[in-house]
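What follows is a predicted protein model with its sequence.
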Amino acid sequence: MEAVFLISRGEISGHHGGGKVRHDLLESARRAGYHIVLMPGMGWRYFLHLAQLRIPRRSTVILPYPGVPAIRQGGLLKGIASLSEVGLLAAKKLSGRWRVYLYVYDLPIEQREAAGDFSTHLLARFAESLLLGMSEVIGVMGEEMEDLMRRRYDWLTGRFVRYEFLPYYAPQIAKGTGPGYPRKVAFAGNLSQRRIGALAQLLPRKPGVKYCFYGPDGDWLAEVRDDFVWHGEFDASELSAVLNETADFGLLLYGASHMAQLRYLHMATTSKLFAYVYAGLPILTYSYRRLARIVTSQGLGFVFDDPAALADIVLNVDEQMYKEIAGRVALFAQGLASRNMLAEFVQAGSALIRRTVS
């Protein structure tokens, strides 16, 4: 097999959100024995390093999108920068005869629209279409993401690989006890009032249920309701133990305010899912299509259509039911931890190319 290279931006220090994803992709590449190319710098320095990039001919090159390339949105200059980066990569691919495996872990255009900004420049969309067109293999999280991309670019045929789960590296801890009282429902992530203010209003208030929050900017929560507890911000290496000790369930719910945001949530697999699973917590998820399918098929917890039902769901879980679900969660986490998701994607991509050539 040809040499495999993962290109990534070099300033990877975060452990939350996209930074955590990029960190774990690097770890997957290291464990698989792939070559890692870190591209330092921002702005013109990044483009200078990209122009000087040297990778052996006929190599397989993994681009973790939207980290590399970064499709910049919001104006003409950002659109031009996006096109320039994709153009440089296309020229490198052509001269080096690379095989490009595009690993799509988020869709920046949909992400921006989900945040309520519909001003995405046409050049950003054009840059994304060129990127997809130059890729021999396009890795997507599941059928929802693939369907969305096929609808947008109907000329894409036969090059998708569904990798299903993102790499995730953190301590794995099984839940050893039944649920406590009051039942403690965890929500981990960015806790700024702008991000989750609407969500906080959706959570039902009922005796015997508390909501525990983990992440940055949560100091406002305790002032809103007496059943809200902010535990603080934790690194991914610490979060599993803290969740395991202080919560009974992990919550996947967002305050979607418009259809674009809801469409985005139906196709996403948030890293919160893995944080809860690795902490041994049964899952409570709103009926987002992809997340609901995972939770239901694996028996990891409960799916609800109305957030008002949350309190009744957790209060009706007895100790035996809880331990059975927690046991399935632990087995699921063990299975995830034993796999190298990035290596599986590359193997599936190589098999796809062989079938196409033959």
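Thanks, I have it.

Any regions of the stretch 101-250 of the chain where pLDDT drops low?
114-121 (pLDDT under 70).

Tell me where it has strands.
Ranges of strands in the stretch 101-250 of the chain, per DSSP state E, counting those that start in this stretch, are 137-140, 160-162, 183-188, 209-214, 228-232, 249-252.

Serialize the ones you listed to a markdown table and add fields for mean neighbour count and distance to residue 127.
The C-beta positions use only the backbone N, C-alpha and C, and glycine is treated the same way. Output for the strands of the stretch 101-250 of the chain, formatted as a markdown table (neighbours: other Cβ atoms under 10 Å; distance: least, Cβ to Cβ, whole Å):
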| stretch | mean neighbour count | distance to residue 127 |
| --- | --- | --- |
| strand 137-140 | 25 | 15 |
| strand 160-162 | 18 | 20 |
| strand 183-188 | 24 | 33 |
| strand 209-214 | 22 | 36 |
| strand 228-232 | 17 | 39 |
| strand 249-252 | 26 | 31 |
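
Now tabulate those in CSV and tack on distance to residue 56.
As requested, these are arranged in CSV below (distance: least, Cβ to Cβ, whole Å):
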stretch, distance to residue 56
strand 137-140, 19
strand 160-162, 23
strand 183-188, 41
strand 209-214, 44
strand 228-232, 46
strand 249-252, 42
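
So which of these is nearest residue 30?
Of all the strands of the stretch 101-250 of the chain, it is strand 137-140 that lies closest to residue 30, at 18.4 Å by Cβ to Cβ.

secondary structure class for residue 48?
Using DSSP: H, G, I helix; E, B strand; the rest coil, the structure places residue 48 in helix.

now what about stretch 123-133, what contacts it?
By Cβ atoms under 8 Å, 6 or more residues apart in numbering, the surrounding residues in contact with stretch 123-133 are 63, 65, 69, 71-73, 76, 78-80, 82-83, 85-87, 89-90, 102, 108-109, 138, 149, 153, 155-156.

What is the distance between that stretch and the centre of its chain?
21 Å (Cα atoms, centre = their mean, to the nearest Å).

Check stretch 300-320 too.
24 Å.

Isn't residue 135 up against residue 98?
No - look at residue 135 against residue 98 with Cβ atoms under 8 Å: they stay out of range, at 10.2 Å.

Looking at stretch 58-65 now, give me its mean pLDDT.
Stretch 58-65 carries an average pLDDT of 96.

And for stretch 311-322?
Here the average pLDDT along stretch 311-322 is 97.

what about it, start to end distance?
End-to-end distance of stretch 311-322 (Cα to Cα, to the nearest Å): 15 Å.

And that stretch, what's buried?
Residues 311, 313-315, 317, 322 are the ones in stretch 311-322 that count as buried (16 or more other Cβ atoms under 10 Å).

And for it, what's in contact with it?
By Cβ under 8 Å, 6+ apart, the residues outside stretch 311-322 that reach it are 178-179, 183, 185, 204-206, 208-209, 248-249, 282, 284, 302, 304, 325.
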